[in-house]
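1. the sequence and its predicted three-dimensional model are supplied below.
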Amino acid sequence: MEQEESVAPFESALPAEVRARGLDWQSRRSIPPIPQWKCRLHEAFEVKEPIDYFRHLLKPTTIEFMVEQTNLYAIQSDPNRPLNVTNEEMEQFIGICFYMSLYGLPRSRMFWCTSTRVDCVANTMGRHRWETIKRFLHFANNDDQVPAGQPGHDRLFKVRPLLTSLLKSFKAIPMDEMLCVDEQIVPFKGKSAMKQYNPKKPKRWGYKVFVLSDSNGIVYNFDIYTGSISPVDGMPDIGASGNVVLQLASIIPDNLSYKIFFDNWFCSVDLQVALQKKKIHSVWTVRQNRLAGCTFMNDKEMKKKGRGTFEEKEAKHNGVYLRAVKWFDNRPVTLLSTYAAANPTSTVERWDKRRKETVQVTCPNIVKLYNQSMGGVDLLDSLIALYRTKIRSKKWYHRIVFHMMDFTLVQAWLLYRRDCRDCGIQKKEQLSLLEFKTEVASCLCKQNKINLKRKGRPSHCVEASLDENRKRGRVGPVPPTPVRQDNTDHWPVWAETRGRCKYPGCKGIIKVQCVKCGVFLCFTAEKNCFVDFHKQ
């Protein structure tokens with residue numbers, strides 16, 4: 001454990017004279033004691049249904065608030081034409097958005113067109129109804145908005161209740177030991193004062209979101225950048241980049257030896273000192289000009305010595321030990337930490353172009369820790385991008401809303417994966433993100449819902465599809481368990497063709513079909529698979 005030392009309070013930031021002359025950096029090659037994490041994650045003993053993970057994050061109360069504000073906005077727009085959307089319809093709207101992200105048609109109306117119709121979307125809700133809900137989708141009363149230029153104005157007023165609800169859910173998730181802070185871009189090229197440009201991201205234009213997550217991508221805190229970053233109450237003002245980290249890390253418990261990782265945009269000596277005062281240990285890459293008074297071997301000299309060359313220096317400020325390590329791989333990189341050092345070193349494999357073979361390169365321990373723990377936000381970005389909701393809209397805040405829905409679903413899948421790992425379920429037996437999102441969308445569209453099929457006359461394309469299905473004798477897939485057991489609108493009907501019973505272990509050929517599940521089930525005097533299937 002670390003030796004307790006008397007340290008100065010937060011308000012005593014780095015003095016001006018120390019800034020000018022720099023810290024006293026000395027060469028070191030010691031192995032510091034590793035602070036032990038004083039907390040642990042609670043293990044899960046069961047794996048819940050996918051829809052339960054999603055509803056745990058997007059609360060039913062949030063859905064109700066969305067319904068209330070959407071109906072209010074519709075009345076404010078036209079008192080003679082109320083929308084009267086319900087909680088069930090709002091869930092179906094979200095489920096259809098998820099289906100659209102999976103199928104990826106270029107225009108939303110194509111899901112209802114004759115030639116490109118998708119039944120799981122078109123049979124859930126009519127096109128006009130879905131577009132009307134999207135048009136009036138709202139999260140706050142416009143009458144309560146503070147005009148721009150006045151105190152209390154919030155650029156995210158229109159989506160603030162949704163963000164607040166999701167933040168509350170994310171902050172309640174048990175936190176892992178290794179955390180990281182990074183930024184992500186919500187793709188958007190429309191007109192907005194909050195739009196940012198970052199040439200190093202896959203999507204360069206969009207809204208900037210600062211995220212605190214663990215190495216697996218599970219998010220605990222986030223903040224959408226609106227143009228200004230204020231200091232955190234009770235903490236020193238250490239600049240915009242440092243204030244972002246302090247804001248996100250404010251939910252981390254003190255004195256439990258959590259570890260946090262950043263890149264060089266956030267890093268500064270003042271920030272590491274402020275975090276260490278709370279016993280939050282940190283590792284990050286750092287720009288050389290932010291290490292006042294620290295001089296390393298120049299790049300040419302390190303390149304001459306070859307890959308794996310490193311140099312380590314140590315300084316002490318306000319009772320906090322800072323260790324800086326410069327390592328040369330393909331190019332030099334400098335890291336700064338309050339608990340990690342270069343030793344004990346390890347080796348990594350690199351391809352040598354001159355020798356045309358794989359060689360072993362010395363790697364400092366601080367680099368190994370950083371590489372293992374820093375990629376959580378990048379992993380989250382890649383997962384969201386796999387099935388991103390790309391619904392076009394003229395309202396600027398819709399892009400944030402659809403991103404947060406995808407954000408929440410990926411978060412639910414990661415929690416599901418963590419519970420599977422605790423329960424010993426092998427990875428090949430776990431649901432993929434595609435299967436998980438499909439099941440959530442199916443439950444949102446069908447669970448506890450009635451009258452799912454469109455009213456009115458079916459199109460010629462649907463009739464032709466039904467005729468083709470009759471000839472082939474096809475049956476629908478088995479619905480998710482929450483839909484099967486919701487005791488809502490499950491009725492047996494007599495089909496024109498026979499089909500194999502979908503109850504596990506039954507091989508009967510029957511003409512009875514569930515109108516909601518779309519599967520064949522035995523319903524005879526000898527056996528009643530219909531009832532057993534919906535109670536299983």
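-> Okay, I see it. None of the values given here were measured: they were computed from a predicted structure.

2. how about the helices in the stretch 251-400 of the chain?
-> 269-277, 299-305, 365-373, 376-386, 396-422 (DSSP state H, counting those that start in this stretch).

3. quick one: which of the ones you listed is nearest Glu89?
-> helix 396-422 (15.8 Å; C-beta to C-beta). Every residue, glycine included, has its C-beta placed from N, CA and C.

4. give the buried residues for that closest one.
-> 396-421 (16 or more other C-beta atoms under 10 Å).

5. how about the helices of the stretch 251-400 of the chain, which one is nearest Glu64?
-> helix 396-422 (16.4 Å).

6. need the pLDDT of Val410.
-> For Val410, the model assigns a pLDDT of 97.

7. who's in contact with it?
-> 217, 380, 383-384, 433 (C-beta atoms under 8 Å, 6 or more residues apart in numbering).

8. tell me the phi and psi of Ala495?
-> phi -80, psi 160 (degrees, to the nearest 10).

9. look up how far Arg117 lies from it.
-> 22 Å (C-beta to C-beta, to the nearest Å).

10. same thing with Thr226?
-> For Thr226, the distance to Arg117 - C-beta to C-beta - is 41 Å.

11. same list (the helices of the stretch 251-400 of the chain) but as CSV, adding distance to Asn289.
-> Listed next are those as CSV, based on distance: least, C-beta to C-beta, whole Å:
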stretch, distance to Asn289
helix 269-277, 12
helix 299-305, 15
helix 365-373, 20
helix 376-386, 25
helix 396-422, 35
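
12. just checking: what are the partner strands of the helix or strand harbouring Phe222?
-> Per DSSP states H and E: Phe222 is located in strand 219-224. Strand 219-224 has its sheet partners listed here by DSSP bridges as strand 205-214 (antiparallel).

13. mean confidence score for the strand it pairs with?
-> Strand 205-214 comes out at a mean pLDDT of 95.

14. then stretch 493-503?
-> 87.

15. who's in contact with it?
-> 470, 473, 475, 478, 507-515, 519-522, 529, 532-533, 536.

16. put the alpha carbons of it into PDB.
-> Provided in PDB are the C-alpha atoms of stretch 493-503 (Å, rounded to 0.1, in the frame of the first residue of the first chain):
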ATOM      1  CA  VAL A 493     -56.400 -19.500 -35.800                       C
ATOM      2  CA  TRP A 494     -57.000 -22.100 -38.400                       C
ATOM      3  CA  ALA A 495     -54.400 -21.800 -41.200                       C
ATOM      4  CA  GLU A 496     -54.900 -23.000 -44.800                       C
ATOM      5  CA  THR A 497     -51.700 -25.000 -44.800                       C
ATOM      6  CA  ARG A 498     -50.000 -27.300 -42.300                       C
ATOM      7  CA  GLY A 499     -46.800 -26.600 -40.400                       C
ATOM      8  CA  ARG A 500     -44.600 -28.300 -37.900                       C
ATOM      9  CA  CYS A 501     -45.300 -27.600 -34.200                       C
ATOM     10  CA  LYS A 502     -42.700 -25.200 -32.700                       C
ATOM     11  CA  TYR A 503     -43.000 -26.500 -29.100                       C
END
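
17. now it, how far from the centre of its chain.
-> For stretch 493-503, the separation from the chain centroid amounts to 41 Å (computed by C-alpha atoms, centre = their mean, to the nearest Å).

18. list the buried ones in it?
-> 495, 499, 501-503.

19. gap between stretch 527-536 and the chain center?
-> For stretch 527-536, the distance to the chain centre is 38 Å (C-alpha atoms, centre = their mean).

20. ok, and what's touching that stretch?
-> For stretch 527-536, using C-beta under 8 Å, 6+ apart, the contacting residues are 481, 484-485, 487, 490, 492, 501-504, 506, 508, 512, 514, 517, 519, 521-523.

21. so how far is Phe222 from the residue nearest the centre of the chain?
-> The residue lying closest to the centre of the chain (C-alpha atoms, centre = their mean) is Phe407, at 4.0 Å. Separation of Phe407 from Phe222 (C-beta to C-beta): 8 Å.
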